[in-house]
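Trainee: okay, here's the prediction I keep looking at, along with the sequence it came from:
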Amino acid sequence: MSLFLIALLPFLGALLPGLMIHAGRQACFMATFLVTGLTTVGLLVHAPAVLGGEVIQAQLNWIPSLGLNVNLFLDPLGFFFAGLILIIGLLVIVYARYYLSRQDNMGEFYSYLLLFQGAMVGIVLSDNILMLVVFWELTSLSSFLLIGFWKHLPAGRQGARMALTTTGMGGLALIGGMILLGQAGGSYDLTTLLQNREMVQASPLYIPALLLILLGCFTKSAQFPFHYWLPHAMAAPTPVSAYLHSATMVKAGLFLMARLWPVLAGTEAWTYIVCTAGLLTMVIAAFIAFFKHDLKALLAFSTISHLGLITFLLGTGTPFGVMAAVFHILNHATFKAALFMTAGIVDHEAHTRDMTRLGGLRHLMPITFMIATLASLSMAGIPLLNGFISKEMMLEEATVTTLYGSPWLVTIVATVGALFSAAYSFRFLGHTFFGPKRSDYPATPHDPGVGLWLSPALLTIPVVVLGVAPFLAEPFVKTVTAAVLGDASLVPDKYLALWHGFNLPLLMSVIAVIGGILMLLAYKPLIKAWDNTPRPEAKTIFEALVNGCGTAANRFAEGLHNGSFTRYAAIMIVTTTAVGAFAWITGTSLAQGREMLPITPPAFAGWAMLVAATLFMVRVHRNRLATLILMGIVGLIVSVGFNYFSAPDLALTQISVEVVTIILLLLALNFLPNSTPVESSPARRTRDGVIAVLGGVATTMLMYSILMSDFPTASISEYFLANSYKGGGGDNVVNVILVDFRGFDTFGEIIVLGIAALVIYALTESLLSSSVRARLLNRGYEEEQAGDAHPLMMVVLTRVMMPVVLMVGFYIFLRGHNEPGGGFISGLVVAIAVVMQYMASGFAWAERRQRYPYHGIIGAGVLVAGLTGIGSWFAGVPFLSSAFGYFRIPPMNEFELATAMAFDLGVFLAVVGAVMLSLESYSRLARRQGDETNEHAMDIDPSREVPPIGSLRTTAQKEG
Amino acid sequence: MELLVATAVGMLTASGIYMVLRLRTFPVIIGISLLTYAVNVFLFGSGRLLPNAPAVLTDGVDIYSDPLPQALVLTAIVISFGMTAVVVIVALGSWLANDDDMVDTPNADTEPDAADDQARAGAQS
């Protein structure tokens, strides 16, 4: 099966359980089992090739420019982990089927489980280290869902959050570390990277990369001091604990250390950091485990301790250490998963996991007792079980490891760790199954159905087989070790064997086992001392830390962002100005190479008007109508300025936009108060004034500096000027840029414009369907009304102007490609022509004559522009490529036709529609109760016989 | 001439900022419009000032005005109309529905109330 399929299948399959649960729990279980089973088969068919030394690869470029490719590869190490994940996954799926109660949503559970499985498989198959990080994060997320599966339990939610925070933090560090590693090693692909050991270790980035990657590994694998999350994650359902927290997820950190072993290991920094963390974790966690009353808590700390053991082995940096680590990963996965499952069975049957309430279960639950005995004795390191073999290897490695200058330190620490390990294993067994039968179990315990005990029982088979005949695993362990080391010749030639003769490790084992028994016998005084010793509580510290961060963040954010718009506008302006000033002072400005143009009198006059208008506006801004008039002046001067500095297109656009903007603001002012009240204190106004002057001075200086300097590099405008006619078929470069070179941008812009108009329409609709409608309809007139609402002069004038303006718009549109003009400008001009009719004859009258809804016009515009773009596909060229040609229809002159014109038509329609829809929406608000819908275009019409206003009664009398 | 344009941009910015810092919607909208003028002229200025340089390809002419900032500003002008219209309807809605045309959330400067804190504490557990 393709590696892609192996990695994808669990993800795809994650959809199934959620659907199948409606067909019943059995169907849901079967579907999940089938998915994992299929993936497992897919993996196992690669076994002969992979174990024969072949590396299977699958590649797909994703973002090559970032070095991010979907490359997967399967070597013995990946095969080993993928096998563990999938096979233990199968057992856990079976176990969970009988473990979950009817109240639990099994479909949801299995979906999360498959998601997690896919993410884990992804980690171990990734060839690209960035890809690996992506899957790494996915395991954090999916484990969050699984730990918090019992959402109703606060402990579950808190545990899930703690796990996510800790592993997420580590994941963040890991991303940084991987990027640095890729930089140092010259590639993000593992197959290449792993060859570059010297290059990586010589790089100055090695130490930061190592620290960050180890931070990621240690948080994931719960190494001291990041071990605290794992015991709290035990709030998860037991199948999750057995799967994630013993066999797979917590091993991801170990996997990564093993995977990157060839490039990272072997240096002094690696040995010191990894060995120290591993040894500390092993001893501390084993010690704590002894005092835990909760079965799962004991197992959690024991897991942490064993992870520490493996970390230590990887940290020694010797091939023998790696071989021991690989073998112990396998052994630990088997006995620890079995133990978690037995703990779950005890909990399921006796309704408690508290060892102080248990004991004497060996008669009541013989099958469970058998499984627990084998698994826990293996954990204690008793001969004839697999835990013994790998523990002996660990002890042997410890005797030859020198740390901190002392050859004995590691030996002693390892023995102490093994001693504690034996002690808690014995306690697990003794306090649960041995001792007198009790009468006060919360529920009467008995052996469960085969569904529950089958999985742990299967797991004890390798526990015994590998314990008796370790040579069976030897070829496999050596192949995997070779894959970790990256060089088969480095694999140690020692044998995996039960008996190595009387040597130091055996003596250490004996000490550990006897010490463990003695410790259990001294349980009562020890637990008393433990209870009386004050200890830091990880959860309290964690919560205090998280809450502290939250409070600090809130205080900071609310200080800046407290709901006062003026406050953050001021903060933003001051910050921008300060940053700009900093850049100005510290940076080098552009060379001031241009001569200043002479000031002409008309330009000076325009400038004086603009300055006067802005100053005056600040002075009289409380009078809103006056402000609008001053705005108009500013807009006009800006348009004239554009024209003066050779931008006729801009001048035309600015002046037409000016007209519609003023109409729009006038319509708005119809509702808003006419004046702004005095509210701010003089001090505040002074403050605002100072900010404004600072901002103004800064912009002036920046603008002046830019205007007086030459372009620092050649401008891309040269390209547009050179290619406008050749490539776009137009002389008006601005228009060709809009409809051709940057046509896609323009396409986006008209869509934005259309959306803005629709937003206005929607908001108007929602206002009119709320209580606002009644208030609007019933509001009175504040001032006396003019006699003529629809004056004759204006109506006549606008009617006469209409065709002329339309003609102008058409003309501007047509010439746009070669002369100033184009869709934007003609759209605005035509919109103004139509708006004038509304103004002259009233909204109702004009609306009745409006044949096409403006939404439709916007839509048509976007559609025409889009179809023009798509049309170029049929010619086999990319979206929005334009074509043009010159035609001649006698007797007319030769003229040009370009597809860009069709695009410009779309722009035109969208602009007309958007402007009209916005203005129309505003006008709809303006209608009030009692307004007569005018039937006629104007109030007084000499051609009509009956005057419509104030003479209705006369009309009625006449007819009567 | 450059000095005139630079000071004009500065004046527009300064008055725009002052108006944006007012407390009612209408002056804030006017302020935003003034800032729009300032930004548009600023962008346009990045093509440098070239009076009497044609904007349209003409035979025998070497110096053209820079078309790129012009194209950028042209769309910016039209879009800013759309944005002004949206902001105005939002302001109008607030005024019509609540008789409120203040831009600040009421009591923005006081401490967030206890109910908020409780909600936050509840969400955490």
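Mentor: Nice, I can see it.
Trainee: can you list the low-confidence ranges for chain B?
Mentor: By pLDDT under 70, the low-scoring segments of chain B are B:107-125.
Trainee: repeat that for chain A.
Mentor: A:67, A:780-787, A:927-935, A:940-960.
Trainee: what about the strands in the stretch 751-900 of chain A?
Mentor: Under the criterion DSSP state E, counting those that start in this stretch, the stretch 751-900 of chain A contains strands at A:884-887, A:895-898.
Trainee: return the most buried member of those strands.
Mentor: strand A:895-898 (a mean of 15; mean count of other CB atoms under 10 Å in any protein chain shown). Using the backbone N, CA and C atoms, a C-beta is placed for each residue, glycine as well.
Trainee: quick one: contacts for A:L458?
Mentor: Contacts for A:L458 (CB atoms under 8 Å, 6 or more residues apart in numbering or on different chains) come out as A:L91.
Trainee: element containing it, please.
Mentor: Assigned by DSSP states H and E, A:L458 belongs to helix A:450-468.
Trainee: then A:Q592 would be within a helix, right?
Mentor: No - A:Q592 is assigned coil when assessed by DSSP: H, G, I helix; E, B strand; the rest coil, not a helix.
Trainee: excluding covalently adjacent residues, which one is nearest to it?
Mentor: In space, and not counting its chain neighbours, A:Q592 is closest to A:M708: 4.5 Å by CB to CB, 6 or more residues apart in numbering or on different chains.
Trainee: likewise for A:L768?
Mentor: Nearest residue to A:L768 in three dimensions, chain neighbours excluded: A:R924, at 6.9 Å (CB to CB, 6+ apart).
Trainee: where's that neighbour relative to chain B, distance?
Mentor: 11 Å (CB to the nearest CB, to the nearest Å).
Trainee: wouldn't that residue be in contact with A:S769 here?
Mentor: No - counting by CB atoms under 8 Å, A:R924 stays clear of A:S769, with 11.9 Å between them.
Trainee: so for these two, which residue has more residues nearby?
Mentor: Using other CB atoms under 10 Å in any protein chain shown, the more surrounded residue of A:R924 and A:S769 is A:R924, with 16 against 9.
Trainee: the more buried one sits in which helix or strand?
Mentor: In this assignment (DSSP H and E), A:R924 forms part of helix A:899-925.
Trainee: packing partners of that helix?
Mentor: Counting by 3 or more CB pairs under 8 Å, 6 or more residues apart in numbering or on different chains; DSSP states H and E, the packing neighbours recorded for helix A:899-925 are helix A:648-669, helix A:743-768, helix A:792-815, helix A:823-841, helix A:843-848, helix A:854-874, helix B:67-98.
Trainee: okay, angle between it and helix A:823-841 too, please.
Mentor: Per axes from the mean of the first three to the mean of the last three CA atoms, to 10 degrees, the angle that helix A:899-925 makes with helix A:823-841 is 30 degrees.
Trainee: give the buried residues for helix A:899-925.
Mentor: For helix A:899-925, a neighbour-count test (16 or more other CB atoms under 10 Å in any protein chain shown) marks A:899-925 as buried.
Trainee: chain center to that helix: distance?
Mentor: With CA atoms, centre = their mean, to the nearest Å as the basis, helix A:899-925 stands 37 Å off its chain's centre.
Trainee: quick one on the thing from earlier: now distance to chain B too, for the strands of the stretch 751-900 of chain A, in TSV please.
Mentor: Below are the strands of the stretch 751-900 of chain A laid out as TSV (distance: least, CB to the nearest CB, whole Å):
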stretch	distance to chain B
strand A:884-887	14
strand A:895-898	13
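Trainee: TSV please, covering these and showing distance to A:Q592.
Mentor: Formatted as TSV, those follow (distance: least, CB to CB, whole Å):
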stretch	distance to A:Q592
strand A:884-887	42
strand A:895-898	42
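Trainee: OK, contacts around B:V78?
Mentor: Applying CB under 8 Å, 6+ apart, the residues near B:V78 are A:653, A:657, A:749, A:753, A:824, A:828, A:911.
Trainee: do the same with A:F884
Mentor: The contact partners of A:F884, by CB under 8 Å, 6+ apart, come to A:728-730, A:896-900.
Trainee: among those residues, which two are most distant?
Mentor: A:G728 and A:L897 (13.3 Å; CB to CB).
Trainee: what sits against A:I63?
Mentor: A:N69.
Trainee: one more: A:E679?
Mentor: Listed by CB under 8 Å, 6+ apart, the contact set of A:E679 reads B:23-24.
Trainee: find the closest residue to chain B in the stretch 101-250 of chain A.
Mentor: Distances between the stretch 101-250 of chain A and chain B by CB to the nearest CB are smallest at A:P154, namely 5.8 Å.
Trainee: host element of A:L313?
Mentor: If you go by DSSP H and E, A:L313 is part of helix A:295-315.
Trainee: what packs against that helix?
Mentor: Against helix A:295-315 (3+ CB pairs under 8 Å, 6+ apart) you get helix A:229-232, helix A:238-242, helix A:249-259, helix A:268-290, helix A:319-350, helix A:386-400, helix A:409-433.
Trainee: mind listing what the residue lying closest to A:V92 once chain neighbours are set aside touches?
Mentor: Beyond its immediate neighbours in the sequence, the residue positioned closest to A:V92 (CB to CB, 6+ apart) is A:Y243, lying 4.4 Å away. The contact partners of A:Y243, by CB under 8 Å, 6+ apart, come to A:88-89, A:92, A:113, A:116, A:249, A:337.
Trainee: make it 10 Å
Mentor: Contacts were defined as CB atoms under 10 Å, 6 or more residues apart in numbering or on different chains; by that measure A:Y243 touches A:85, A:88-89, A:91-93, A:95-96, A:113, A:116-117, A:120, A:143, A:146, A:236-237, A:249, A:337, A:340-341.
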